[in-house]
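# the sequence and its predicted three-dimensional model are supplied below.
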Amino acid sequence: MTDGFVREMLTLDDVDRGLIHALSIDGRAPFGRIAEVLGTSAQTVARRYRRLRAEAALRVVGLPNPDRAGQTQWMIRLTATPSTVRDLAHSLARRADTSWVKLASGGTEIFAVIHAPSGAQAVPSLLLHDIPRRAGITAVSAHCLLHTYLGGPTGWRGRLETLTDQQQQQLAQARDTDPQTRRPSPPDQSGHPPSPPPHPSVRQSTLTDPSVGQPSPPPHPSADQPTSTHPSAGRPTLARVDHDLIDALRHDGRATHADLAAATGVSQATVARRLAELRASGTIFFDVEVAPAVLGATTQALLWMSVQPGDLDRVATTLAGHRELALVAATTGRTNLLANALCRSPADLHDYLTHRLGGLNAIHTLETAPVLHTVKAAGPLIPTGTRAPSSMRTDTKFPDRAS
């Protein structure tokens, strides 16, 4: 139930943990701003960032808000023979339409999230065509994600326990008072996200916060046509440049404007303007990937629960407040509530299951699937031998600002 025992040996100090916490608040915050909050130098923050990238799998990725980007998410569970399960997991991880590929339940089960365009024909081709043709698969189940109570912009609290309230406010105010970095408020205590704000009028200047994900609607024929609102769904209709930016930021959420301009074929001013619009509309957000083991969570499990429909919202909202959980989502299927637990040890997981979950009588059934290894997290796989992105290379004097 541990994910990368070598990483468990990495010792983090307050600067390391503070950096992870700061990036969770503002994934594109300049290292100089983070250094000011942490009371250290920008060089130290940049050096720690590179170390955590190399040794703790730290990465900032830009991801789409599925509702705003017109996506539907499916959770799949595959059972495969021991001789084929690892090859199958890595094959799924290489796909652009998957995330969170995990080996679970003794190494014979694969969990993965599939991203597909919303709509009546949104069932992924992976489920209809690709998986049935693969040898070695003995069972398949698919669960459509209906509502996220915890996850996405609001992630695991275990990485958010270092900065003081004053330090958090300092970072958040610097982000939110700049119209180029302003983002929507997080979900309220019920777990429901707030109504998205109207599109602001955005100036051409430097941006320090955007995000990314896998495009789902077809590209707009004009690369430079402004992002508009889809009349039937109340969500933006993305232009081709928006899709290109999202795809680039999936790989490196801290990519500079120069790198993003090169990747999309538009000017840096256009990059800044597009990113600001995507972020202000709530279409994209930033997530921080980091090996949970370095933060003390060496035991991980997927919890598949059945809850009476009338109690589902209340139970899910309660679970979303639990420090041990990184994901709480309502799904279709024989079970209707999924959670991802991150605990310090098997004994702590047992304590959580028997005391905190055990006290919720509305949970009728619970299946626990221990996670052995995370093959792919939220962002795409990084090919072996790939040159480090500009946001962490040592040949850049201060690669800390998206400009």
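Structure received. The shown structure was predicted, so the numbers you read here are calculated from the model rather than taken from an experiment.

# let me see the ranges of the strands in this structure.
For the chain, the strands defined by DSSP state E occupy 59-64, 71-80, 98-104, 109-117, 137-150, 228-229, 236-237, 284-289, 299-307, 325-331, 337-343, 363-376.

# contacts for stretch 344-355?
Contacts to stretch 344-355, defined as CB atoms under 8 Å, 6 or more residues apart in numbering, come from residues 1, 296-299, 301, 303, 322, 324, 341, 343, 366, 368. Just so you know, the C-beta spots here come from the backbone N, C-alpha and C atoms, and that holds for glycine as well.

# any low-confidence regions in the stretch 151-300 of the chain?
Along the stretch 151-300 of the chain, the model assigns pLDDT under 70 to residues 177-236.

# now stretch 373-384 - C-alpha only, CSV.
Provided in CSV are the C-alpha atoms of stretch 373-384 (Å, rounded to 0.1, in the frame of the first residue of the first chain):
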residue,chain,number,x,y,z
HIS,A,373,1.5,2.1,-7.1
THR,A,374,0.4,5.2,-9.0
VAL,A,375,1.5,4.8,-12.6
LYS,A,376,0.2,8.2,-13.7
ALA,A,377,-1.2,11.1,-11.8
ALA,A,378,-3.2,14.1,-13.1
GLY,A,379,-0.7,15.2,-15.8
PRO,A,380,0.7,13.3,-18.7
LEU,A,381,3.7,11.0,-18.4
ILE,A,382,7.1,12.5,-18.8
PRO,A,383,9.1,10.5,-21.4
THR,A,384,12.4,9.2,-20.2
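
# how about residues contacting that stretch?
3-4, 57, 59, 61, 63, 89-90, 92-94, 96, 98-103, 112, 212, 250-251, 287, 289, 300.

# let's see 7 Å
Stretch 373-384 has contacts (CB atoms under 7 Å, 6 or more residues apart in numbering) with 3, 59, 61, 63, 89-90, 93-94, 96, 98-103, 250-251, 287, 289.

# what do you get for stretch 106-125?
Applying CB under 7 Å, 6+ apart, the contact partners of stretch 106-125 are 70-80, 82, 85, 88-89, 92, 97-104, 126, 214, 216-217, 302, 369, 372.

# narrow the residues you listed to just the buried residues.
Using 16 or more other CB atoms under 10 Å as the burial test, the contacts of stretch 106-125 include 70-78, 80, 85, 88-89, 92, 97-104, 126, 214, 216-217, 302, 369, 372 as buried.

# how far away is Ala261 from Val60?
Ala261 is 19 Å from Val60, where distance means CB to CB, to the nearest Å.

# any idea how many residues pack against Gly333?
Gly333: 14 surrounding residues under other CB atoms under 10 Å.

# list the contacts for it?
Shown in contact with Gly333 (CB under 7 Å, 6+ apart): 141, 143.

# quick check: phi and psi at it.
Note on Gly333: its backbone torsions stand at phi 120, psi -180 [degrees, to the nearest 10].

# now do the lengthiest helix in the chain against strand 284-289, angle only.
As assigned by DSSP state H, the longest helix anywhere in the chain is helix 42-56. The directions of helix 42-56 and strand 284-289 differ by 70 degrees, with axes from the mean of the first three to the mean of the last three CA atoms, to 10 degrees as the criterion.

# per-domain residue ranges of the chain.
Split into domains by automatic domain parsing, the chain comes to 5-65+154-185+208-215+236-289, 66-152+297-376.

# so which of the ones you listed is the most packed in?
domain 5-65+154-185+208-215+236-289 (a mean of 20; mean count of other CB atoms under 10 Å).

# Trp74 pairs with what?
According to DSSP bridges, the residues that bridge with Trp74 are Ile114, Cys144.

# surely it touches Ala142?
Yes. Trp74 lies in contact with Ala142 (CB atoms under 7 Å); the separation is 5.4 Å.

# follow-up on the earlier one: now the angle between strand 59-64 and the longest helix of the chain, please.
Using the same axes, to 10 degrees: helix 42-56 against strand 59-64 is 80 degrees.

# so what does helix 42-56 touch, helix or strand wise?
On a contact count with 3 or more CB pairs under 7 Å, 6 or more residues apart in numbering; DSSP states H and E, helix 42-56 meets helix 14-25, helix 31-38.

# nearest to Thr154, out of these?
Among the helices and strands packed on helix 42-56, the nearest to Thr154 by CB to CB is helix 14-25 (10.0 Å).

# tell me the angle the closest one makes with helix 31-38.
Counting by the same axes, to 10 degrees, helix 14-25 lies at 120 degrees to helix 31-38.

# report the backbone C-alpha coordinates of helix 14-25 in CSV.
Extracted in CSV, the C-alpha atoms of helix 14-25 (Å, rounded to 0.1, in the frame of the first residue of the first chain):
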residue,chain,number,x,y,z
ASP,A,14,9.7,23.6,6.7
VAL,A,15,10.9,25.3,3.5
ASP,A,16,10.1,22.2,1.4
ARG,A,17,6.7,21.8,2.9
GLY,A,18,6.0,25.5,2.7
LEU,A,19,6.9,25.5,-1.0
ILE,A,20,4.5,22.6,-1.6
HIS,A,21,1.8,24.5,0.3
ALA,A,22,2.5,27.7,-1.5
LEU,A,23,2.3,26.1,-4.9
SER,A,24,-1.1,24.6,-3.9
ILE,A,25,-2.4,28.1,-3.3
